[in-house]
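Asker: Predicted structure and sequence below. I'll ask about it afterward.
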Amino acid sequence: MPLVDALLPEFDHEMTVTRKLLERVPDDKLAWKPHAKSYSLGQLAQHVATIPMWGSVTLSESEIDIGGAPSPEAAGSRAEILSIFDGHVAKTRAALVGKSDGELMVPWALKRDGHVIFSMPKASVWRSFVMSHLIHHRAQLGVYLRMQDVPLPSSYGPSADEAGF
């Protein structure tokens, strides 16, 4: 079985779970922060919405240099965050469909001003820098939402809010 046939169902599941969480982001709490050094709720939600973009970049390029890259303009609403997310998910899924095992084993590098931060096969970048990175920040977003008394959706089974625990 080609590797992509295992990656696509996982991608679809994780993006569905992520969208359900992003749908809960309250517009009136985007500026809220749990700590002065933390992202605001809106910044974290936008970061989660943007991470799928790295999938299409990884699959379509051999490297990216983030030196001097401008920071994205802050999204002003949940609807904007969902639009960003949906666009990146669609583009990344399209880039993944049909990829051969050979294409997924080609090296990819993340650079800053020419300095290599890391280099790994695209399949490894997909697993760590795209999927695990997304799941990590999605979990943070869940904590932020819990701290704002927002009921959480299920992810890998019922949440305490949906199961009535």
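Answerer: It's in.
Asker: show me the contacts for the residue nearest to residue 105 when sequence neighbours are not counted.
Answerer: Closest residue in space to residue 105, ignoring its immediate chain neighbours: residue 121 at 4.8 Å, by C-beta to C-beta, 6 or more residues apart in numbering. Every residue, glycine included, has its C-beta placed from N, CA and C. Residue 121 sits next to 104-108 when contact means C-beta atoms under 8 Å, 6 or more residues apart in numbering.
Asker: so where's this structure uncertain?
Answerer: Applying pLDDT under 70 to the chain flags the ranges 164-165.
Asker: where exactly do the strands run in it?
Answerer: Ranges of strands within the chain are 63-65, 107-112, 115-121, based on DSSP state E.
Asker: now, of the ones you listed, which is deepest in the fold?
Answerer: strand 107-112 (a mean of 16; mean count of other C-beta atoms under 10 Å).
Asker: mind saving the C-alpha coords of it as CSV?
Answerer: Extracted C-alpha coordinates of strand 107-112, given in CSV (Å, rounded to 0.1, in the frame of the first residue of the first chain):
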residue,chain,number,x,y,z
PRO,A,107,14.7,15.6,1.4
TRP,A,108,13.1,18.9,2.5
ALA,A,109,14.8,21.7,4.4
LEU,A,110,13.6,24.6,6.6
LYS,A,111,16.1,27.5,6.5
ARG,A,112,16.4,30.9,8.0
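Asker: residues near the nearest residue to residue 155 once chain neighbours are set aside, how many?
Answerer: In space, and not counting its chain neighbours, residue 155 is closest to residue 17: 4.7 Å by C-beta to C-beta, 6+ apart. Residue 17: 17 surrounding residues under other C-beta atoms under 10 Å.
Asker: Wait, residue 17 touches residue 141, no?
Answerer: No: look at residue 17 against residue 141 with C-beta atoms under 8 Å: they stay out of range, at 11.3 Å.
Asker: So what's the residue count around residue 31?
Answerer: Count around residue 31 with other C-beta under 10 Å applied: 10.
Asker: quick one: contacts for it?
Answerer: 40-42.
Asker: Identify, from these, the entry nearest to residue 91.
Answerer: Of all the contacts of residue 31, residue 91 sits closest to residue 42, with 22.4 Å by C-beta to C-beta.
Asker: Confirm for me that the closest one is in contact with residue 80.
Answerer: No: the criterion here is C-beta under 8 Å, and residue 42 misses it with residue 80 at 9.5 Å.
Asker: which one of those two has more residues nearby?
Answerer: The residue with more neighbours, out of residue 42 and residue 80, is residue 42; 24 against 18, by other C-beta under 10 Å.
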